[in-house]
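Next come a sequence and a model predicted from it.
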Amino acid sequence: MKFDENLAALHGYLCADGYVSKNLPHQKHKYYIIGLRNQNRTLLEDFQNKFYEIFKQRPKLIEHERCHMYSKEIYQQLISLGPFHSANWAFPELPKHLLKFWLRAFFDCEGWVIARAGKDRRVAAESINHESLSKLKTDLEQKFDIPSSIYLKKNRNISGLHIYGKENLVKFQKEIGFLHPEKNKKLSEAISSFIDYNWTFPQDKKKRKSFLDNLIVERAKAKRPHTIRFSSIYLTNINTLANELFRTYNIKAKKYERKNGQGRMYFELAIYSEKEVKKLLNSRLLSKKQASKLVFKQNI
């Protein structure tokens with residue numbers, strides 16, 4: 001059999017939650033069965049459709065349970081690409097354009113997504129087939145540039161593969177993704193929950209000024225008597241903000257390199273001059289709460 005998109009996905013399904021089985025030698029009743037155990041109808045229908053595209057026969061779908069077919073001929077064709085048992089399913093050697101369909105089917109069945117904003121965001125999958133999971137990890141990194149980590153569960157013969165980081169989750173979504181509706185939604189939520197710490201100023205002049213004004217309102221911190229501070233973990237943010245403040249409002253500010261209580265480096269832009277701070281006030285770019293913290297020699 002020659003792999004195409006349909007067979008790659010079907011093979012992934014079978015390695016994850018599928019089975020290609022026949023009767024045991026001592027059993028009198030002979031049978032040959034191929035199927036997928038899964039509770040999600042979307043995946044069962046996809047398995048059913050892929051199966052039909054390859055073999056021109058449609059497996060029986062049992063709602064919220066499985067999709068299966070009895071066929072000695074199809075069994076013999078598929079078992080040549082196996083095995084498909086949980087402990088020793090065979091990870092196929094596929095080019096990138098076909099492997100993504102295999103991975104999508106596999107993660108749809110065996111994978112899950114954690115989307116806890118600011119705490120834990122990842123795509124993960126588990127298997128007792130340590131060797132094939134290790135090969136999967138290698139292909140993820142070499143063919144999709146998606147690094148992952150494998151951990152052996154304590155007191156259990158199960159390995160877990162975990163994909164962390166916004167950049168890697170975005171690559172996974174773009175290159176592989178989920179057909180499973182709930183997992184697909186959760187992956188989007190996980191990616192959206194990452195805070196973008198880069199201050200990306202638009203190129204358009206009006207939009208650029210609007211972005212600057214919103215940034216001042218949201219990020220400015222006032223301190224008595226008349227100091228305004230901005231901080232960021234990126235020096236490029238501080239440099240760009242300093243340039244935009246001067247170009248747009250003729251406001252001069254000083255840049256500093258700081259360390260927080262945990263010893264982590266960050267950068268600060270400070271406006272000390274009463275004259276410069278009044279420019280922000282006159283432009284209505286400080287909130288009432290921020291303005292209330294400032295004290296001037298003369299009333300404005």
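Now that the structure is in, tell me what you want to look at.

what's the domain layout of the chain?
Using automatic domain parsing, the domain parsing of the chain gives 5-192, 205-292.

Which among the ones you listed is found nearest to residue 198?
domain 205-292 (6.5 Å; Cβ to Cβ). Yep, even glycine has a C-beta here, placed from its N, CA and C like the rest.

Can you check the distance spanned by the closest one, start to finish?
31 Å (Cα to Cα, to the nearest Å).

Residue 199 is nearest to which of the domains of the chain?
Across the domains of the chain, closest to residue 199 is domain 205-292 (Cβ to Cβ), at 4.4 Å.

Residue 191 and residue 175: what is the separation?
For residue 191, the distance to residue 175 equals 14 Å [Cβ to Cβ, to the nearest Å].

Then residue 231?
Separation of residue 231 from residue 175 (Cβ to Cβ): 35 Å.

next one: residue 34
Taking Cβ to Cβ, one finds residue 34 at 28 Å from residue 175.

and these two? which has more neighbours close in?
Comparing residue 34 with residue 175 by other Cβ atoms under 10 Å, the one with more neighbours is residue 34, at 25 against 17.

what's the most centrally placed residue in the chain in contact with, if anything?
Nearest to the mean C-alpha position of the chain, by Cα atoms, centre = their mean, lies residue 169 at 2.3 Å. Residues in contact with residue 169 (Cβ atoms under 8 Å, 6 or more residues apart in numbering) are 121, 122, 123, 163, 187, 190, 191.

hang on, residue 112 packs against residue 182?
No - the pair residue 112 / residue 182 is not scored as a contact, 9.7 Å apart, by Cβ atoms under 8 Å.

Phi and psi next, for residue 65.
Torsion angles at residue 65 (phi, psi; degrees, to the nearest 10) stand at phi -140, psi -60.

the helices in the stretch 151-300 of the chain, which residues?
Counting by DSSP state H, counting those that start in this stretch, the segments of the stretch 151-300 of the chain that form helices are 166-175, 181-192, 205-219, 235-249, 274-282, 288-292.

okay if I get those helices as a markdown table plus mean pLDDT and distance to residue 263?
Listed next are these as a markdown table, based on pLDDT from 0 to 100; distance: least, Cβ to Cβ, whole Å:
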| stretch | mean pLDDT | distance to residue 263 |
| --- | --- | --- |
| helix 166-175 | 95 | 24 |
| helix 181-192 | 95 | 29 |
| helix 205-219 | 89 | 23 |
| helix 235-249 | 93 | 17 |
| helix 274-282 | 81 | 31 |
| helix 288-292 | 71 | 29 |
